[in-house]
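> My questions are about this predicted structure, shown below with the sequence.
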Amino acid sequence: MPTKILPLFPLFQVLFSFSFFLPLATSTDFNFPAVFNFGDSNSDTGNLVAALGIRLDPPNGQTYFKASSGRFCDGRLIVDFLMDAMDLPFLNAYLDSIGTPNFRRGCNFATAASTILPATATSLSPFSFGVQVSQFLRFKARVLELLAKDKKLNKYLPAEDYFAGGLYMFDIGQNDLAGPFYSKSLDQILALIPTILVEFENGFKTLYDQGGRNFWIHNTGPLGCITQNVARFGTDPSKLDEIGCVSGHNQAAKLFNLQLHALCTKLRGQYTDANMTYVDIFSIKSNLIANYSRYGFEQPHMACCGYGGAPLNYDSRISCGQTKVLNGTTVTAKACDDSTEYVNWDGIHYTEAANQFVSSQILTGRYSDPPFADKMPFAMKLKF
């Protein structure tokens, strides 16, 4: 499938024109030697596939990698675009041992289907946030042990000071809210949020105690706008908001984000030597869904890769790329002709085109607390 070049949003014109007036010294503010990422499928670059041996066949990966890359997407994720903007290589998955992965500039512990809360017997992923933090502890200890024995390994492993100078990124919490909707009321889910955030705070403190000082935290997106949730919980039109999203799910996401933001503010006050950036992903994605045509998209809710046709092209019984017998007929969940016209890739995750848009908005610095619009080295390094 030929790759369609997205129109340059007016934003990019602003970014590039603005960058000419920036002092080059500001680029050091984002000159991280390495990145350590924690999260779920929104930033998983191959951990779940490697860990559980699940199949993630084409058309996943078709747009950029031209093959399945372990990402639940047709191409690149937000984390890939952010790494590119920081002039760093894509992060290798911690659990993927094939292909001689290089971890010198960081490591990705994010695993699809993961939650902040500890996994249970019914969890789709055993790699909760606490487990990912433990994996980091093991990774760091093993790296330092190996480097002490053989300095030549520094070609493949981060130097000791990279752990203190690196950026710790988080994009997790979506599954803690989305999963319980199948068995709990909205009030019960809202009551879970403080417990979820206590677990997140514990993980943060562990990483801080290990020397981490630079933290980049994404809030959760509009859960009610995900195709899967619209299909399952939006059959009653009264449950939908003005942009076609499930109101209850978005209410939970908003409250989670409100309390997450408050936690970040509290931690910033407690750990004054830490640099914490809170990024409002919810607002960026909500704006995309509400104004999709303005940004060059044609389908805000329909899945590009799925089965069932309009209006959502989603069937929970079959995943993107799979062939199954449904109701006595062999069917395949195929990709659309042009994924750049779609926000949603497979009913749950965003297309590369949508991820590119979200990344471009993140890099304006306007959706962050504190904002970094006056520290725009990214504008001079954008490659997408």
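Thanks, I have it.

> And the spatially most central residue of the chain, how far from Tyr271?
For the chain, the residue nearest the mean C-alpha position is Asn42 (3.1 Å; CA atoms, centre = their mean). Counting by CB to CB, to the nearest Å, the gap from Asn42 to Tyr271 is 25 Å. Heads up, the C-betas are built off the backbone N, CA and C, glycines and all.

> and after the lowest-mean-pLDDT helix or strand in the chain, which helix or strand comes next?
Every helix and strand in the chain was compared by mean pLDDT, DSSP states H and E; the lowest is helix 10-19, with a mean of 35. Of the helices and strands lying after helix 10-19 in sequence (DSSP states H and E), the nearest is strand 35-39.

> For that following strand, enumerate the helices and strands it packs against.
helix 78-85, strand 106-108, helix 129-149, strand 167-171 (3 or more CB pairs under 8 Å, 6 or more residues apart in numbering; DSSP states H and E).

> buried stuff in whichever helix or strand comes after the third one?
Next helix or strand after helix 129-149 toward the C-terminus (DSSP H and E): helix 160-165. Burial within helix 160-165, assessed by neighbour count using 16 or more other CB atoms under 10 Å, is assigned to Tyr162, Phe163, Gly165.

> Give me the distance between the second one and His301.
Summarising the geometry, the distance separating Phe163 from His301, computed by CB to CB, is 42 Å.

> what do you get for the first one?
If you measure Tyr162 against His301 using CB to CB, the figure is 41 Å.

> repeat for the last one
Gly165 sits 42 Å away from His301, taking CB to CB as the criterion.

> show me the contacts for Ser286.
Gly221, Pro222, Cys225, Ile243 (CB atoms under 8 Å, 6 or more residues apart in numbering).

> Helix or strand for it, just tell me which one.
helix 281-290.

> Touching, the residue nearest to the centre of the chain and Leu82? I think so.
No - here Asn42 does not reach Leu82: they are 11.8 Å apart, not a contact under CB atoms under 8 Å.

> all helices of the stretch 201-350 of the chain, in order?
For the stretch 201-350 of the chain, applying DSSP state H, counting those that start in this stretch gives helices covering 227-233, 247-270, 281-290.

> And the contacts of the longest one?
Outside helix 247-270, the residues that touch it by CB under 8 Å, 6+ apart are 173, 176-178, 181, 186, 189-190, 193-194, 196-197, 200-201, 204, 217, 219-226, 229, 233, 239-241, 274, 276, 278, 280, 282, 369.

> make it 6 Å
The contact list for helix 247-270, computed with CB atoms under 6 Å, 6 or more residues apart in numbering, reads 177, 186, 189-190, 193, 197, 219-220, 222-224, 229, 241, 276, 278, 282.

> Just want the angle from it to helix 281-290.
With axes from the mean of the first three to the mean of the last three CA atoms, to 10 degrees applied, the angle from helix 247-270 to helix 281-290 works out at 150 degrees.

> mind saving the C-alpha coords of helix 247-270 as CSV?
The C-alpha trace of helix 247-270 is given here as CSV (Å, rounded to 0.1, in the frame of the first residue of the first chain):
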residue,chain,number,x,y,z
SER,A,247,-19.8,9.5,28.6
GLY,A,248,-19.2,7.2,31.6
HIS,A,249,-15.8,6.1,30.3
ASN,A,250,-14.7,9.6,29.7
GLN,A,251,-15.9,10.7,33.1
ALA,A,252,-13.7,8.1,34.7
ALA,A,253,-10.7,9.2,32.6
LYS,A,254,-11.2,12.8,33.5
LEU,A,255,-11.4,12.1,37.3
PHE,A,256,-8.3,9.8,37.0
ASN,A,257,-6.4,12.6,35.2
LEU,A,258,-7.5,15.2,37.7
GLN,A,259,-6.1,13.1,40.6
LEU,A,260,-3.0,12.1,38.6
HIS,A,261,-2.3,15.8,38.0
ALA,A,262,-2.8,16.6,41.7
LEU,A,263,-0.4,13.7,42.6
CYS,A,264,2.3,15.1,40.2
THR,A,265,1.9,18.5,41.8
LYS,A,266,2.3,16.9,45.2
LEU,A,267,5.4,14.9,44.2
ARG,A,268,6.9,18.0,42.6
GLY,A,269,6.7,19.8,45.9
GLN,A,270,8.1,16.8,47.8
